[in-house]
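*Asks:* Here is a sequence together with a model predicted from it:
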Amino acid sequence: SYIREYKNQFDFVNQQEIYKWKAVKQFQDNWDINASDFYSMLDNSLKLVANLLDSGQYFPKRMLLKNTEETPEKIRTLFKYLFDEDYDIFERSELFRSDFKKLNEENFTDLKDYQDHRAVIVYLALRYPERYFFYKQRMFKSFAEKIDYSYKPVAGRIENIGQFQTLCNLLKHELSNDQELLKLHKNRISDDCYYDENLNILTQDFVYAVVRHLESKEIIEQKTIKQTEPTKIQSTEITLTETEIDFTPRTINYIQNNIENKRIGDLGE
């Protein structure tokens, strides 16, 4: 039902979220770990990330650039290790966060670094969009609750990343079987967008849309019924009719009826 609603609201969701495909292309076209001016390269690469990194009281991009401006070679080294796929993702993620925190404390003693799991996975998804999915812990938690997923995310836990990857791969399989959705997705990709051949961005977009933009058709119908105002009528519009009460005794074999209904149900299954 959520996939149906996603397709029904595709144009609306796309207007809100198309920036993600543009952000990935911007990063892919400009990233160069060996750039002589690492700060300018990084700034340009992250030019279109919008609220993937900075939003509300959340400023990982701002603090990344501020620290890069102060110590560009140290940040370059951190990214070299983070993007080295020969090492374990959890090990790379935690080392990047801990080393960045120490560096930030040296450069800006009174400012928070904001390099949480969400930020680290954004960097990885920008670099390897065919392998990783943009991640937010609250998004994961809300989606898991909506679909009654077995794993319940807890804020701050590193295993959330692996669990979210697993969930997204399951979802991607379902989405890839919907030819109508694939056609909609393909038609929206313009020259300034990253061509999401592996459907990773599409999969995360679906998850975020369910949490932020959509509700399933069944839920919408239930809410519509609950929110419908009762019709007020005047007492003069009420007509009472006399009904004769029949006191003829009847015997209903509820037990046997239930047995027969169960039999029919089991046959149906």
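*Replies:* Arrived safely. Numbers count the residues shown, from 1 in each chain.

*Asks:* host element of residue 65?
*Replies:* Taking DSSP states H and E as the criterion, residue 65 maps to helix 60-70.

*Asks:* Give me the buried positions along that helix.
*Replies:* Going by neighbour count (16 or more other Cβ atoms under 10 Å), the buried part of helix 60-70 is 60, 61, 63, 64, 65, 66, 67, 68. To be clear about C-beta, it is placed using only N, CA and C from the backbone, and glycine gets the same treatment.

*Asks:* Over to stretch 21-40?
*Replies:* Within stretch 21-40, the residues that count as buried by 16+ other Cβ under 10 Å are 21, 22, 23, 24, 25, 26, 27, 30, 31, 35, 38, 39.

*Asks:* Please work out the average pLDDT along the helix holding residue 65.
*Replies:* Helix 60-70 carries an average pLDDT of 97.

*Asks:* now stretch 11-29
*Replies:* 96.

*Asks:* Could you tell me which ranges of the stretch 101-250 of the chain sit under the pLDDT cut-off?
*Replies:* For the stretch 101-250 of the chain, applying pLDDT under 70 flags the ranges 215-250.

*Asks:* who does whatever helix or strand residue 205 lives in touch, helix- and strand-wise?
*Replies:* Using DSSP H and E, residue 205 sits within helix 200-212. With contacts defined as 3 or more Cβ pairs under 8 Å, 6 or more residues apart in numbering; DSSP states H and E, helix 200-212 has these neighbours: helix 2-8, helix 10-17, helix 19-30, helix 137-146, helix 159-176.

*Asks:* Pick the most deeply packed of the ones you listed.
*Replies:* helix 19-30 (a mean of 20; mean count of other Cβ atoms under 10 Å).

*Asks:* After that one, which helix or strand is next?
*Replies:* Beyond helix 19-30 toward the C-terminal end (DSSP H and E), the next one is helix 38-45.

*Asks:* Report the angle between the helix holding residue 205 and helix 137-146.
*Replies:* 70 degrees (axes from the mean of the first three to the mean of the last three Cα atoms, to 10 degrees).

*Asks:* Pull out the buried positions in helix 200-212.
*Replies:* Under the neighbour-count criterion of 16+ other Cβ under 10 Å, helix 200-212 has 200, 201, 202, 203, 204, 205, 206, 207, 208, 209, 210, 211 buried.

*Asks:* Surely the second one and residue 189 touch.
*Replies:* No. Counting by Cβ atoms under 8 Å, residue 201 does not reach residue 189; the two are 10.0 Å apart.

*Asks:* between the two, what contacts are shared?
*Replies:* Common neighbours of residue 201 and residue 189, counting by Cβ atoms under 8 Å, 6 or more residues apart in numbering, are residue 21.

*Asks:* quick one on the thing from earlier: and the helix holding residue 65, how far out from the chain's middle?
*Replies:* Mean C-alpha position of helix 60-70 versus that of the full chain (Cα atoms, centre = their mean, to the nearest Å) differs by 26 Å.
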